[in-house]
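Chemist: pasted the sequence and its predicted model underneath.
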Amino acid sequence: MKRRSFFKTTALGGSVVALSGVAACVQKSDVQSVVNLEAFDLNETSALALQQKMETGELTAESICKKYLDRIALVDPHLKSVIELNPDALDIAKKLDEERQNGKVRGPLHGIPVMIKDNIDTGDKMQTTAGSLGLEGNVVEKDAFIVKKLRDAGAVLLGKTNLSEWANFRSTNSSSGWSGRGGQVRNPFCLDRSPCGSSSGTGAAVSGNLCTIGIGTETNGSIVCPSGINGVVGIKPTLGTWSRQGIIPIAHSQDTAGPMARNVTDAAIMLGALAEFDSNDAKTHLEQGKIYDDYTSFLKADGLKGKRIGIASQMIPSHNKVHELLKKAIEAMQNNGAELVEDLEFETNRKWGNPSYEVLLYEFKADLNKYLQEHPTAPRKSLAELIEFNNQNADKEMPWFGQEIFEAAQEKGDLSSEEYLQALADSKRYAGKEGIDALMDTNNLDAIIAPTNGPTWSIDWVNGDSFTGGSSSPAAISGYPNITVPMGFVDGLPIGLSFFGRAWSEPVLLEIAYAFEQATKHRKAPDFKKSLMG
């Protein structure tokens, strides 16, 4: 599928890495050294397991933090998943250890190392740049709403992850995971393959065991695609479950942050810890539903029993081996008590893409200009200024692809435009009421499934991404929840399975996703192959 078509119908993201001395920590950068990248004494360790180790005194938050920092120094020169480390991380961990010694444990994230995408504000010494040289120096004054909640929950913010620059909304010919500031993120299962985007660095860092849990953001596919392609769990919540305040935007009618983790339990822990209605957040088109501060109560090993699940046949990639994985996944769900309804089609499948893309162009201009004007430290104050900066620094910012999406957005009017208002209404109706809701109502479904992705493709800066399929659009455009869980591997490359449904249906989706995970256990640590070609 061509990149331009992908942007309109499926997923969006979608300087040198600031790691002082990291290059010197790795004596060899050739393929022979990658064999050692698999060894790590905290490999695949969950947040709950780390809590137990801290409770018994086997480990401290400080020692865990140090282990992960050492791991980043060894591995990240190969992945380029980390754009900047938090210089205060160890001090934060020490203070959390003191709290524990004094009998205060804030919750299941106390002392747990977390990485967040570099489009989320942190009121500390780190920058917030969306990977762009045009925002270098944007050291903001206060935390994003979700970052404040993250700190209050006791997490140790290790640093920020690299990403597809501007969340993959600059060019129709971009390479997922490439940013002017951070370089090219690579897939930990095969280093010459794409990590997808735009939360590329978070997906690669979580999968490569550089942190325990990560946070990505999604407009259309930017959490679920890098989660599926890097072999981890990703949750795109219902719009409004997590606040968008303090996040560099694409479009307020689709944007949301969400957790990325190696297992459903860790993702559910993070989902609840940061979930809260924010009255200062941008309004959504959805009526507010129930938000929980603990989603782990919905994790049931028998969660598939009695569930009626539809298969979105239009969203199954053509790859035969993906089809075989899906057949096995269906069998596993049936064996655990679910009823699967096959060959379901969205009648509006070809209708939501174009109006959604128009909405993104309009909202990107309006929302980004508002973000820049509200941030005194931002070196550029408008989309127009960023376009000019890119033109003046084309050798660094545009060596491989341009900024035609930026330019198209700049030509749009304001949000009172009749074209925008009609596109907004159409896209939400086709994906939501006449899309997911209609399909579920007609077939009496608890959830809809489809492969999250096809096999990842070779990184190609000349031609851009070569996407091999995706199922993110209906949930993304409608603002409804979507959870991806590892479904297996095609030639050693991870494939995810997406579970999506009605607005505010995270509880039932988590039941199903967790039961599927426990029944199949497809997640495995990456092996850092240099290439599949030998």
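Modeler: Perfect, thanks for sending it.

Chemist: who's in contact with the residue nearest the centre of the chain?
Modeler: For the chain, residue 223 is the residue whose C-alpha lies nearest the centre (C-alpha atoms, centre = their mean; 2.5 Å). Going by C-beta atoms under 8 Å, 6 or more residues apart in numbering, residue 223 touches 199, 216-217, 234-236, 258, 260, 482. Backbone N, C-alpha and C define where each C-beta goes, glycine included.

Chemist: ok, so of these, who is nearest residue 455?
Modeler: residue 234 (17.5 Å; C-beta to C-beta).

Chemist: tell me which element the closest one is part of?
Modeler: strand 233-236 (DSSP states H and E).

Chemist: can you list contacts of that strand?
Modeler: Residues outside strand 233-236 that contact it (C-beta under 8 Å, 6+ apart): 199, 203, 216, 218, 223-224, 226-228, 256, 258-264, 266-268, 271, 472, 475-476, 481-486, 496, 506, 513, 517, 523.

Chemist: got any ranges where the chain has weak pLDDT?
Modeler: Segments of the chain classed as low confidence (criterion: pLDDT under 70) are 1-35, 534.

Chemist: longest helix of it, counting residues only.
Modeler: In the chain, with assignment by DSSP state H, the single longest helix is helix 353-373.

Chemist: run through the strands of this protein in chain order.
Modeler: Counting by DSSP state E, the chain has strands at residues 82-85, 113-117, 156-161, 178-179, 183-184, 213-218, 233-236, 256-261, 308-312, 339-344, 447-451, 482-490, 493-500.

Chemist: wait, which of these is closest to residue 432?
Modeler: It's strand 493-500; of the strands of the chain, that one is closest to residue 432 (C-beta to C-beta) at 11.6 Å.

Chemist: give me the distance from the closest one to the chain's centre.
Modeler: 13 Å (C-alpha atoms, centre = their mean, to the nearest Å).

Chemist: starting from it, tell me which strands it pairs with and how they run.
Modeler: Paired strands of strand 493-500, with direction, are strand 447-451 (antiparallel), strand 482-490 (antiparallel) (DSSP bridges).

Chemist: pull out the buried positions in that strand.
Modeler: For strand 493-500, the buried set under the neighbour-count rule, 16 or more other C-beta atoms under 10 Å, comprises 493-500.

Chemist: can I get these in TSV including distance to residue 132?
Modeler: As requested, the buried residues of strand 493-500 are arranged in TSV below (distance: C-beta to C-beta, whole Å):
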residue	distance to residue 132
493	29
494	29
495	31
496	28
497	33
498	29
499	33
500	31
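
Chemist: phi, psi for the residue nearest to the centre of the chain please.
Modeler: Here is the backbone geometry of residue 223 (degrees, to the nearest 10): phi -100, psi -50.

Chemist: could I get the strands of the chain in JSON lines, plus columns for distance to residue 381?
Modeler: Compiled in JSON lines, these are given as follows (distance: least, C-beta to C-beta, whole Å):
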{"stretch": "strand 82-85", "distance to residue 381": "23"}
{"stretch": "strand 113-117", "distance to residue 381": "23"}
{"stretch": "strand 156-161", "distance to residue 381": "22"}
{"stretch": "strand 178-179", "distance to residue 381": "21"}
{"stretch": "strand 183-184", "distance to residue 381": "27"}
{"stretch": "strand 213-218", "distance to residue 381": "22"}
{"stretch": "strand 233-236", "distance to residue 381": "30"}
{"stretch": "strand 256-261", "distance to residue 381": "24"}
{"stretch": "strand 308-312", "distance to residue 381": "42"}
{"stretch": "strand 339-344", "distance to residue 381": "47"}
{"stretch": "strand 447-451", "distance to residue 381": "41"}
{"stretch": "strand 482-490", "distance to residue 381": "34"}
{"stretch": "strand 493-500", "distance to residue 381": "37"}
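
Chemist: quick one: closest of these to residue 61.
Modeler: Residue 61 sits nearest to strand 156-161 of all the strands of the chain, at 6.2 Å, using C-beta to C-beta.

Chemist: between that closest one and strand 113-117, how big is the angle?
Modeler: Between strand 156-161 and strand 113-117, the angle comes out at 30 degrees (axes from the mean of the first three to the mean of the last three C-alpha atoms, to 10 degrees).

Chemist: which secondary structure elements does strand 156-161 contact?
Modeler: Using 3 or more C-beta pairs under 8 Å, 6 or more residues apart in numbering; DSSP states H and E as the contact test, the elements touching strand 156-161 are helix 61-79, strand 82-85, helix 89-101, strand 113-117, helix 145-152, helix 200-207.

Chemist: just tell me which of those ends up closest to residue 389.
Modeler: So among these, strand 82-85 is nearest, using C-beta to C-beta, at 18.6 Å.

Chemist: quick one: residues in contact with the closest one.
Modeler: Strand 82-85 is contacted by residues 17-20, 69, 72, 76, 115, 118, 126-127, 129, 131, 158-163, 179, 181-182, 201, 205, 210 when judged by C-beta under 8 Å, 6+ apart.

Chemist: for residue 383, give me its contacts.
Modeler: 364-365, 368-369, 406, 409-410.

Chemist: what's around the closest residue to residue 115 other than its chain neighbours, how many residues?
Modeler: Closest residue to residue 115 apart from its sequence neighbours, by C-beta to C-beta, 6 or more residues apart in numbering: residue 211 at 4.2 Å. As a burial measure, residue 211 scores 30 neighbours (other C-beta atoms under 10 Å).

Chemist: give the contact list for residue 54.
Modeler: Contacts for residue 54 (C-beta under 8 Å, 6+ apart) come out as 60-61, 64, 100, 110-111.

Chemist: how many neighbours does residue 473 have?
Modeler: When counting by other C-beta under 10 Å, one arrives at 26 neighbours for residue 473.

Chemist: go on, residue 477?
Modeler: Residues near residue 477, counting by other C-beta under 10 Å, number 26.

Chemist: circling back to that earlier point, closest to residue 529 out of the helices and strands packed on strand 156-161?
Modeler: Comparing the helices and strands packed on strand 156-161 by C-beta to C-beta, helix 61-79 comes nearest, at 11.0 Å.

Chemist: buried stuff in that closest one?
Modeler: Result for helix 61-79 [16+ other C-beta under 10 Å]: buried residues 61-62, 64-65, 67-69, 71-79.

Chemist: can I get it as CSV, trimmed to CA atoms?
Modeler: Output in CSV follows, covering the C-alpha atoms of helix 61-79 (Å, rounded to 0.1, in the frame of the first residue of the first chain):
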residue,chain,number,x,y,z
ALA,A,61,14.1,1.4,43.0
GLU,A,62,17.6,2.9,42.7
SER,A,63,19.2,-0.5,41.8
ILE,A,64,16.5,-1.2,39.3
CYS,A,65,16.9,2.2,37.7
LYS,A,66,20.6,1.7,37.5
LYS,A,67,20.2,-1.7,35.8
TYR,A,68,17.9,-0.2,33.2
LEU,A,69,20.3,2.7,32.6
ASP,A,70,23.1,0.3,32.0
ARG,A,71,20.9,-1.7,29.7
ILE,A,72,20.1,1.4,27.7
ALA,A,73,23.8,2.2,27.4
LEU,A,74,24.5,-1.2,26.0
VAL,A,75,21.5,-1.7,23.7
ASP,A,76,20.2,1.6,22.6
PRO,A,77,23.1,2.5,20.2
HIS,A,78,21.7,-0.3,18.1
LEU,A,79,18.0,0.7,18.5
